[in-house]
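Chemist: Okay, here's the prediction I keep looking at, along with the sequence it came from:
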Amino acid sequence: MGGHSHWATTKRHKQAQDAKRGKIFTRVIRELTIAARQGGDPDHNPRLRLAIAKAKDANMPGDTMKKAIQRGTGELPGVHYEEFTLEGYGPGGTALLLEITSDNRNRTVAEIRSLLTKHGGNMAEAGAVAWQFHKKGLIVVEQGKVEEDRLLALALDAGAEDVKVDEKTFEVITAPHDFEAVKKALAEAKVEAALAEVTFVPQNHIKLAEKNAEQMLKLMEVLDDHDDVQKVHANFDIPDEIMEKVAAAG
């Protein structure tokens, strides 16, 4: 995953500190509302349970959470959001998979197409790139926070599929249904995660040189800033030295 997971963890730290809290709240509120359509009891609704955990991580007030859930269950009126995915290609032939929630599909598709075109990418047909991703639980732990052998033992004992060692991080991979158990086991062992989510993990990666890397990171930024984009998944790999150079230039 390389540069992609580094981008994700860097983004998470930045979002926790900057003025984008409103945007984070918007996304989590939508996720709470959509998840609650399957039932308002988190004990019997794993998706809602995860959404509530995200809301708590973002320090969302309890009343805001409650209202979002009630809009999903129909107890309160609200906007109807449609969930769908969009696929595309980024600079250097990278694959992109976007999770979207929108109250106007045609508008959103047109806006995403425009963003891709402006930043060296293009929209793809349904199914063109989705096969390159597998849905997995991902927990990223920065090296230095825990010994590799200890993390390996903790993660595998809790049901993880694999632990990958990167230049700066450990990446714990789980099946989606084992994610919560593994996350809980690491938390109870006081292992701090830089990133923990159920996501789409690429099967292979495309290494980007500096020009494409710069364009790719800009594209990820603008997609991430779009209100209707819940998550962006991509299979790029940017070496740390190029990532740092591009970040410094930006």
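Modeler: That came in fine, so what should we check first?
Chemist: Just the residues contacting the strand or helix carrying residue 107, thanks.
Modeler: Using DSSP states H and E, residue 107 falls within helix 105-118. Helix 105-118 is contacted from outside by 82, 84, 86, 88-90, 96, 98, 100, 102, 122-123, 219, 222-223, 226, 228-229, using CB atoms under 8 Å, 6 or more residues apart in numbering. Backbone N, C-alpha and C define where each C-beta goes, glycine included.
Chemist: Go ahead and build a ChimeraX selection from the buried members of those residues.
Modeler: Paste this into ChimeraX to select the buried members of those, with burial taken from 16 or more other CB atoms under 10 Å:
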select :86,88,89,90,96,98,100,102,123,219,223,226,228,229
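Chemist: mind listing the strands in the protein by residue range?
Modeler: Using DSSP state E, the strands of the chain run over 82-89, 95-102, 122-124, 133-142, 162-165, 169-174, 195-202, 206-207, 229-234, 236-237.
Chemist: buried ones in the fifth one?
Modeler: The reference is to strand 162-165. Residues of strand 162-165 classed as buried: residue 163 (neighbour count, 16+ other CB under 10 Å).
Chemist: which residues are contacting it?
Modeler: Contacts of strand 162-165 (CB under 8 Å, 6+ apart): 1, 148, 151, 152, 155, 156, 170, 171, 172, 173.
Chemist: Look up the closest residue to the fifth one, ignoring the ones flanking it.
Modeler: On the basis of CB to CB, 6 or more residues apart in numbering, the spatially nearest residue to residue 155 that is not a chain neighbour turns out to be residue 172, at 4.7 Å.
Chemist: go on, the third one?
Modeler: Ranked by CB to CB, 6+ apart and with sequence neighbours excluded, the top spatial neighbour of residue 151 is residue 170, at 5.5 Å.
Chemist: still on that earlier bit, may I have the helix holding residue 107 as CSV, with CA atoms only?
Modeler: Extracted as CSV, the C-alpha positions of helix 105-118 are listed here (Å, rounded to 0.1, in the frame of the first residue of the first chain):
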residue,chain,number,x,y,z
ARG,A,105,-26.6,11.5,-8.8
ASN,A,106,-26.4,13.3,-12.2
ARG,A,107,-24.9,16.4,-10.6
THR,A,108,-22.3,14.5,-8.6
VAL,A,109,-21.2,12.3,-11.6
ALA,A,110,-20.7,15.4,-13.7
GLU,A,111,-18.7,17.1,-11.0
ILE,A,112,-16.5,14.1,-10.4
ARG,A,113,-15.9,13.6,-14.1
SER,A,114,-14.8,17.3,-14.4
LEU,A,115,-12.4,17.0,-11.4
LEU,A,116,-10.8,13.8,-12.9
THR,A,117,-10.4,15.5,-16.3
LYS,A,118,-8.8,18.6,-14.8
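Chemist: Quick one: work out the angle between that helix and strand 229-234.
Modeler: 40 degrees (axes from the mean of the first three to the mean of the last three CA atoms, to 10 degrees).
Chemist: what domains does the record give for the chain?
Modeler: 3-73, 82-131+205-249, 133-202 (automatic domain parsing).
Chemist: need those in JSON lines with mean pLDDT, can you?
Modeler: Formatted as JSON lines, those follow (pLDDT from 0 to 100):
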{"stretch": "domain 3-73", "mean pLDDT": "81"}
{"stretch": "domain 82-131+205-249", "mean pLDDT": "91"}
{"stretch": "domain 133-202", "mean pLDDT": "92"}
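Chemist: where's residue 113 relative to residue 96, distance?
Modeler: Counting by CB to CB, to the nearest Å, the gap from residue 113 to residue 96 is 12 Å.
Chemist: do the same with residue 33
Modeler: 25 Å.
Chemist: With residue 48 instead?
Modeler: Using CB to CB, residue 48 is found at 28 Å from residue 96.
Chemist: State the number of residues packed around residue 48.
Modeler: Using other CB atoms under 10 Å, residue 48 has 24 other residues around it.
Chemist: count of neighbours near residue 203?
Modeler: With other CB under 10 Å as criterion, residue 203 counts 10.
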